[in-house]
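Colleague: Just to be clear, the model below is a prediction. Sequence and coordinates:
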Amino acid sequence: MVPILKALAIFLVIARVDGQCTLRNLDVHQDSIGKPFQGYYEYAVSIFNRCPELCVQRNVKLNCTGFQTLENLDPSILKVSGDVCLVKNGLSITSDAAVNFRYAWRHQFDLNPISSDIHCYKP
């Protein structure tokens with residue numbers, strides 16, 4: 001009986017933490033930083049994981065339809081492949097560290113999260 005209760009308690013802890021983290025917890029924030037770059041606007045992008053501390057998001061992909069930039073992007077931060085961008089080479093985005101990059105173009109792009117793998121750890 002004790003092993004069953006222990007397994008149930010572990011399941012409930014994982015389910016509670018897991019249920020608190022979804023793709024909607026990824027916050028992509030963009031600011032025009034006002035500095036023209038070769039006549040184009042420059043944007044600073046920060047991607048935050050707003051999940052509880054025990055949850056990370058990996059293999060984060062953004063909708064990058066039509067994305068272009070005059071600035072060199074570090075592919076280990078943002079890798080553009082057609083209409084999809086892979087963030088941080090698929091590595092974890094934790095709740096305590098934002099992923100940051102800049103781009104320059106005539107207009108701001110909607111860089112909305114389209115998928116991620118969520119991993120929550122028990123305390």
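Modeller: Happy to help now that I have it. None of these values were measured; they are calculated from a predicted model.

Colleague: got the buried residues for the one helix or strand Ile118 maps to?
Modeller: Assigned by DSSP states H and E, Ile118 belongs to strand 113-120. The neighbour-count criterion (16 or more other Cβ atoms under 10 Å) identifies 113, 116, 118, 120 as the buried residues of strand 113-120. In this view, the C-beta of every residue, glycine as well, is placed from N, C-alpha and C.

Colleague: I'd like those as CSV, with pLDDT and distance to Ser76 appended.
Modeller: Output for the buried residues of strand 113-120, formatted as CSV (pLDDT from 0 to 100; distance: Cβ to Cβ, whole Å):
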residue, pLDDT, distance to Ser76
Pro113, 98, 19
Ser116, 97, 17
Ile118, 96, 22
Cys120, 93, 25
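
Colleague: and of those residues, the nearest to Asn59?
Modeller: For those, the closest approach to Asn59 (Cβ to Cβ) belongs to Ser116, at 6.0 Å.

Colleague: Just list what the strand holding Ile118 packs against, helices and strands only.
Modeller: helix 2-19, strand 26-32, strand 55-63 (3 or more Cβ pairs under 8 Å, 6 or more residues apart in numbering; DSSP states H and E).

Colleague: picking that back up, now distance to Val45 too, for the buried residues of strand 113-120, in a markdown table please.
Modeller: Converted to a markdown table, the buried residues of strand 113-120 look like this (distance: Cβ to Cβ, whole Å):
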| residue | distance to Val45 |
| --- | --- |
| Pro113 | 12 |
| Ser116 | 16 |
| Ile118 | 21 |
| Cys120 | 26 |
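
Colleague: pLDDT value on Pro3, please?
Modeller: Per-residue pLDDT puts Pro3 at 51.

Colleague: Then Phe101?
Modeller: 96.

Colleague: Check the offset of the helix or strand where it lies from the chain's centre.
Modeller: In this assignment (DSSP H and E), Phe101 forms part of strand 99-105. Strand 99-105 has its C-alpha centroid displaced from the chain centroid by 14 Å (Cα atoms, centre = their mean, to the nearest Å).

Colleague: now it and strand 26-32, what's the angle there?
Modeller: 40 degrees (axes from the mean of the first three to the mean of the last three Cα atoms, to 10 degrees).

Colleague: In its sheet, which strands sit next to strand 99-105, and in what direction?
Modeller: strand 41-49 (antiparallel) (DSSP bridges).
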